[in-house]
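Chemist: Structure of the sequence below:
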Amino acid sequence: MYLSVDCLLDNGLLCIKYNFSYSMFLFKHITPRVIIIGLFLLFAAFSRVFIARFAPDLANFSPVGALALFAGAQLGLRWKSFIMPFSFLILSDILINVWVFEGQYGIMYDSFYWTYLVVAAIIVLGHFFASSQKVGGILLSSGLATLVHWGVLDFIYWVAGGTSISSGLVLSKDMVGLLEAYAQGAPFAKNFAMGTVAYSLILFGVYALVPSKWKQSESVPVVA
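Modeler: Residues are numbered from 1 along each chain as shown. All right, here's what the predicted structure looks like:
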């Protein structure tokens with residue numbers, strides 16, 4: 001970033017124009033490739049709202065894992081691979097909590113930051129294991145994403161005093177309680193795995209069909 005003095009007004013006030021060297025961060029130059037990827041991420045994020053509203057029985061069959069893997073694979077470990085999916089996830093979470101659940105859990109659900117931490121980890125997995133965009137890498141990264149999601153979030157649920165589905169009592173703070181936490185979370189982990197695989201194949205598969213000229217990295221100015 002640098003400063004240039006463009007003019008000196010009659011009243012003596014300086015007219016200072018800021019010039020940002022890195023394409024005005026996001027606003028001055030956006031590549032067609034980033035626009036296409038952003039639309040894919042937007043589709044994935046807002047399909048969560050559709051599922052939560054019209055298919056609530058498909059708990060955890062969501063595109064969150066696929067969204068994170070796709071962002072990491074296509075955008076690398078840069079600010080865009082985190083800012084873009086997080087922005088869409090936050091917006092979709094707000095819509096789900098306000099529109100679907102009518103605000104009974106507030107604007108954001110409790111401990112959402114742990115979920116977002118897991119999403120960040122899955123973005124990293126996508127970069128290392130799905131960048132090749134081959135089916136084997138996509139399936140491997142989907143499996144790893146499921147293990148991270150299931151392992152971390154059910155552990156946090158147990159530590160935070162989660163309850164047993166069968167008895168309604170707080171899970172015991174020993175190996176028995178931890179294993180029960182993982183056992184009762186297994187069906188949700190299965191749905192998460194299926195959703196991650198299904199949406200990943202859709203996102204990566206459709207993106208592979210996008211014409212190469214639309215994936216160019218040349219910048220397209222959107223503001224002056």
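Chemist: Could you say which helix or strand holds residue 81?
Modeler: helix 79-95 (DSSP states H and E).
Chemist: how about that helix: buried residues?
Modeler: Within helix 79-95, the residues that count as buried by 16 or more other Cβ atoms under 10 Å are 80, 81, 82, 84, 85, 86, 88, 89, 92, 93, 95. Every C-beta, even on glycine, is put in place using the N, C-alpha and C of the backbone.
Chemist: Find the residue at the geometric middle of this protein.
Modeler: residue 85 (3.9 Å; Cα atoms, centre = their mean).
Chemist: Show me the helices in this protein, by range?
Modeler: 32-54, 64-75, 79-95, 112-129, 135-159, 175-209 (DSSP state H).
Chemist: For residue 168, find the nearest of these.
Modeler: helix 175-209 (12.0 Å; Cβ to Cβ).
Chemist: could you give the mean pLDDT of the closest one?
Modeler: For helix 175-209, the mean per-residue pLDDT is 95.
Chemist: got the angle for that helix vs helix 64-75?
Modeler: 50 degrees (axes from the mean of the first three to the mean of the last three Cα atoms, to 10 degrees).
Chemist: Please identify the buried residues of helix 175-209?
Modeler: 178, 180-181, 184-185, 188-189, 191-193, 195-197, 199-200, 202-204, 207.
Chemist: before we move on, what about stretch 55-71?
Modeler: 60, 61, 62, 63, 64, 65, 66, 67, 68, 69, 70, 71.
Chemist: for those residues, which one is nearest residue 149?
Modeler: Closest to residue 149, out of all of those and judged by Cβ to Cβ, is residue 65, at 6.5 Å.
Chemist: And the pLDDT at the closest one?
Modeler: 95.
Chemist: any idea how far it is from residue 199?
Modeler: Using Cβ to Cβ, to the nearest Å, residue 65 is found at 8 Å from residue 199.
Chemist: go on, residue 169?
Modeler: For residue 169 relative to residue 199 (Cβ to Cβ), the value is 36 Å.
Chemist: And residue 75, by the same measure?
Modeler: 17 Å.
Chemist: Then residue 53?
Modeler: 17 Å.
Chemist: just for the chain, where's the confidence low?
Modeler: 1-29, 59, 216-224 (pLDDT under 70).
Chemist: rerun at 90
Modeler: 1-35, 45-46, 48, 50-62, 76-81, 99-112, 132-133, 210-224 (pLDDT under 90).
Chemist: and the helix holding residue 81 with helix 112-129, angle?
Modeler: 140 degrees.
Chemist: chain center to helix 79-95: distance?
Modeler: The chain centre lies 6 Å from the centre of helix 79-95; the measure is Cα atoms, centre = their mean, to the nearest Å.
Chemist: Residue 180 against residue 164, yeah?
Modeler: Yes. Taking contacts as Cβ atoms under 8 Å, residue 180 lies within contact range of residue 164: 6.0 Å.
Chemist: so what sits against both of the two?
Modeler: Residues within reach of residue 180 and of residue 164 at once, by Cβ atoms under 8 Å, 6 or more residues apart in numbering, are residue 171.
Chemist: okay, stretch 194-204 in PDB with CA atoms only?
Modeler: Only the C-alpha atoms of stretch 194-204 are listed here, as PDB (Å, rounded to 0.1, in the frame of the first residue of the first chain):
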ATOM      1  CA  MET A 194     -22.500 -39.400   2.900                       C
ATOM      2  CA  GLY A 195     -23.200 -35.700   2.500                       C
ATOM      3  CA  THR A 196     -19.500 -34.800   2.200                       C
ATOM      4  CA  VAL A 197     -18.900 -37.500  -0.500                       C
ATOM      5  CA  ALA A 198     -22.100 -36.600  -2.400                       C
ATOM      6  CA  TYR A 199     -21.600 -32.900  -2.500                       C
ATOM      7  CA  SER A 200     -17.800 -33.200  -3.100                       C
ATOM      8  CA  LEU A 201     -18.400 -35.400  -6.200                       C
ATOM      9  CA  ILE A 202     -21.000 -32.800  -7.400                       C
ATOM     10  CA  LEU A 203     -18.800 -29.700  -6.700                       C
ATOM     11  CA  PHE A 204     -15.600 -31.200  -8.100                       C
END
